[in-house]
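Chemist: A structural model of the following input is requested.
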Amino acid sequence: MQRPGATPFERVRSMALGSPWIVLALMFAAFPAGAEEITTYTNRWEARCKGLRKAGGRWSLVTDRRSVPLEDVVHIRYSDQLLEGALPQVMVWLVNGDRLAGSVIEGSALGLTIKSSALPRVKVDLERIRALVFPHNIPADHTVATATDRLLSRESRRDVVVLRAGSETQGIIQRFGVGSLEISTERLGNLTIPYEKVSAVRVFEETPPPKATGLRIVVCLTDGSRITGTPKRGDEKELEIESPVLGTLRIPTSRILLIYLLGGRSTYLSDLEPVEVKATPFFPGEFPWRPYLNRDQGYGGGPITLGGVVYPKGLGCHSKVEATYAVGSYRTLEGLLGIDDEVAGGKGSVIFKVLLDGREVYSSGEVTHGQEPKSMQVDIAAAKTFTLVVEYGKNIHIQDRADWADIRVSR
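Modeler: Below you'll find the predicted structure:
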């Protein structure tokens, strides 16, 4: 597989909904001849994935070159090239943080059914829905990323329907239809609202789902969906997983962008809580509406993209920012560094640094837009904390949209 360089492409409207990555306006092309890139906590190689095998209660990844314990796998990349596609009608956020992109083909008082290019028919119970976002209806002066961040972070004892015009209605969702929803309100009674007038819906969660544990796989699909579950079966053409929210799903490997592991030897920083995040804007009060450190998305709200390659996991930020994490039982920190492809004009310029217990142990030197991503690996075993720092470069703060792509810690 030949990694592409920083090639230009016309970016259609993209978005990142909440913390996880998604680009709803893009589709992805598979590598030639079925070649996948497998990354473990010790190395990386290219091979053809033959499937998953379970023996003695433990799962292994089988390739045409070797078999490895699944718990040692960081991720399996099926694709990295972006092709233009269409925005979905709706993005459905689930209570466990997963998401489905597609269109509503059925609805009732119990939930709705979604159809997408990757999954032809997925039924979602109402109690499993956290939010719906309608990308076409987001106002032009807002990004889908910021609008959804605000929606998912707000607390309400009622369901909330945010209208395209900017107002909102609170009440209790009665049913989802194919082209509209029904909500019961205290002041206006029952209302039927067409989806074309809705930008987003926040569904009240009475009891958050229990936190999942054990070895799980997260499947990022070519249509922007992301599904977490436990493996059941896998071969060259199809992967079968058990989702705690959606049940058993069969996913064609031709529709997979990337698979990454949870509960294995490596953990992405975007799945960990920092001890502290400190932002120092060049001008006081600069960009108050946007966080300086984003999980699984670039600073501008699109996917983390370096040299034409999309990275579903990582941290996107803007200078100057410092993020401190506890080391715990982890021994190594590694990832790729660079200025995101979304920067135009090549003005981004930053310096990436890593501190251990406040002492600098790594500096990338000047990193500018258009450079090949830099790889970084630091031994953190002897420290109590490590800090990621993005400093101003020669162009001060201008377009300093920096990415820590695939940034992770390993035991």
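Chemist: what about residue 324, how many residues close to it?
Modeler: 17 (other C-beta atoms under 10 Å). To be clear about C-beta, it is placed using only N, CA and C from the backbone, and glycine gets the same treatment.
Chemist: now do residue 36
Modeler: Counted with other C-beta under 10 Å, residue 36 comes out at 23.
Chemist: And residue 309, how far from residue 37?
Modeler: Relative to residue 37, residue 309 is positioned 10 Å away (C-beta to C-beta, to the nearest Å).
Chemist: repeat for residue 335
Modeler: 15 Å.
Chemist: between these two, who's got more neighbours?
Modeler: Neighbours were counted for residue 335 and for residue 37 using other C-beta under 10 Å; residue 335 has more, 25 against 18.
Chemist: in this structure, which helix or strand is least confident?
Modeler: strand 26-30 (a mean of 32; mean pLDDT, DSSP states H and E).
Chemist: Starting from that strand, tell me the next helix or strand along the chain.
Modeler: Counting by DSSP states H and E, the next helix or strand C-terminal to strand 26-30 is strand 35-40.
Chemist: Which strands or helices does that following strand pack on?
Modeler: Where contact means 3 or more C-beta pairs under 8 Å, 6 or more residues apart in numbering; DSSP states H and E, strand 35-40 is packed against strand 44-55, strand 58-63, strand 73-77.
Chemist: again, 6 Å this time
Modeler: strand 44-55, strand 73-77 (3 or more C-beta pairs under 6 Å, 6 or more residues apart in numbering; DSSP states H and E).
Chemist: so that strand versus strand 73-77, what angle?
Modeler: 160 degrees (axes from the mean of the first three to the mean of the last three C-alpha atoms, to 10 degrees).
Chemist: Give me the sheet partners of strand 35-40 and which way each runs.
Modeler: Pairing partners of strand 35-40, with direction, according to DSSP bridges: strand 44-55 (antiparallel), strand 73-77 (antiparallel).
Chemist: For those strands, could you give me TSV that also reports distance to residue 368?
Modeler: Output for the strands paired with strand 35-40, formatted as TSV (distance: least, C-beta to C-beta, whole Å):
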stretch	distance to residue 368
strand 44-55	25
strand 73-77	26
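Chemist: pLDDT weak spots in the stretch 1-150 of the chain?
Modeler: 1-35, 80-86, 140-150 (pLDDT under 70).
Chemist: ok, now the stretch 151-300 of the chain?
Modeler: In the stretch 151-300 of the chain, residues with pLDDT under 70: 153-154, 208, 283-291.
Chemist: If we use 90, what do you get?
Modeler: Counting by pLDDT under 90, the ranges of the stretch 151-300 of the chain that qualify are 151-157, 164-168, 204-215, 220-225, 235-236, 253-258, 261-266, 271, 278-300.
Chemist: Could you list the buried residues of stretch 173-183?
Modeler: When burial is assessed from 16 or more other C-beta atoms under 10 Å, stretch 173-183 yields the following buried residues: 173, 175-177, 180-183.
Chemist: Distance of residue 57 relative to residue 49?
Modeler: When residue 57 is compared with residue 49 (using C-beta to C-beta), they lie 22 Å apart.
Chemist: Those two: which has the busier surroundings?
Modeler: Higher neighbour count among residue 57 and residue 49: residue 49, with 22 against 5, using other C-beta under 10 Å.
Chemist: Show the contacting residues for the more buried one.
Modeler: By C-beta atoms under 6 Å, 6 or more residues apart in numbering, the contact set of residue 49 is 36, 63.
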